[in-house]
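[1] What shape does this take:
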Amino acid sequence: MIAKSLLPLMALSAMAMAPLSAAAQTVDDPIVKTVKTEFSTNYEGLYTQLLERPATGPSGPFTDTHLIVTDHLGDCLGLVEFRGVQGWIAAESATICAPTRGVITEMKTPPGVSTNKGIWISGIVRVTEPGQTTPPTKALVVSNDELGPISFMNLRQQMSLKWKYDASPEDLTVAPGAIRVRSTLTKGTMMVDRRLIGEHH
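    Now for the predicted structure:
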């Protein structure tokens, strides 16, 4: 049994800025097991950049955020430049468009099915090996559809069995044997294969 809910945007921003991996894709330890299904295509290896700009809301000034996610470095750099014209600047980061461990799962919505489009992100973690003493590697699952992260983790063996949902303690208390898979709708722009597949403002 799988349920879903939203994470606060601040938690997502912290996740996106954290150094998850030194390489965007680790060939000898892939996350993706099934690249293509009848309803999805999975792209392993991300380049991400969190952008910021000052804004004003009902409660006063605040810092607005915009997350860029692509599978090609050139696309990420191009989007950073494009958004820069609109007043966005890169959040404090040692590397612009740093490679990030994770997967983009592009969903194709069947005719007649209405789902929530945008940019949806969940966290996954590498299963700990026997005797492992180092912290487990974490990664992101990013989708253009609300159902994308849940589908990638649970249907058609899309995700390697060496990876699992990065569950918090509260995710395990929904019901006996149930895990709540949380995904976050965030502001940003997402591209794969030079195509824009997700945008949320």
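[2] Spatially, what comes nearest to L196 if we skip its sequence neighbours?
    Once flanking residues are discounted, L196 sits nearest to T189: 7.1 Å by CB to CB, 6 or more residues apart in numbering. (Each C-beta comes from the backbone N, C-alpha and C, glycine too.)
[3] That neighbour bridge partners, please.
    Counting by DSSP bridges, T189 forms beta bridges with I68, E199.
[4] Tally up the residues packed near it, please.
    Counted with other CB atoms under 10 Å, residues neighbouring T189 total 24.
[5] which residues touch it?
    The contact partners of T189, by CB atoms under 8 Å, 6 or more residues apart in numbering, come to 66-69, 79, 83, 119, 196, 198-199.
[6] Make a PyMOL selection of the buried ones in these.
    Buried members of those, defined by 16 or more other CB atoms under 10 Å, are picked up in PyMOL with:
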select buried, resi 66+67+68+69+79+83+119+198
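[7] which of the contacts of T189 lies closest to A94?
    Relative to A94, the closest of the contacts of T189 is I68; by CB to CB it sits at 16.4 Å.
[8] who's in contact with that closest one?
    47-51, 76, 79-80, 83, 97, 188-190.
[9] Keep only those of the residues you listed that are in strands.
    Residues of the contacts of I68 located in strands (DSSP state E): 47-51, 188-190.
[10] Put together CSV for those, with distance to A167 and pLDDT on each row.
    Below are the ones in strands among the contacts of I68 laid out as CSV (distance: CB to CB, whole Å; pLDDT from 0 to 100):
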residue, distance to A167, pLDDT
Y47, 26, 96
T48, 22, 96
Q49, 27, 96
L50, 24, 96
L51, 29, 96
G188, 24, 95
T189, 28, 95
M190, 24, 96
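[11] Columns distance to I124 on top of these, output as CSV?
    As requested, the ones in strands among the contacts of I68 are exported to CSV (distance: CB to CB, whole Å):
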residue, distance to I124
Y47, 18
T48, 15
Q49, 21
L50, 19
L51, 24
G188, 19
T189, 22
M190, 17
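[12] Sort out which one of the contacts of T189 lies nearest W163 for me.
    The closest of the contacts of T189 to W163 turns out to be V69 (CB to CB; 18.4 Å).
[13] Look up how far C97 lies from the closest one.
    Distance, V69 to C97, using CB to CB, to the nearest Å: 10 Å.
[14] Spit out the residues that contact the two alike.
    Both V69 and C97 are contacted by 47-48, 76, under the criterion CB under 8 Å, 6+ apart.
[15] M159 is in contact with T105, correct?
    No. Using CB atoms under 8 Å, T105 is not in contact with M159; the gap is 9.3 Å.
[16] In terms of neighbours, single out the busier of these two.
    T105 (30 against 25).
[17] Contacts only, for the more buried one.
    40-43, 141-143, 148-149, 151-152, 158.
[18] Out of the contacts of I68, flag the one nearest to T134.
    Using CB to CB, T48 comes nearest to T134 of the contacts of I68, at 23.0 Å.
[19] Show me the shaky parts of this protein.
    The model of the chain has pLDDT under 70 over residues 1-27, 110-115, 173-174.
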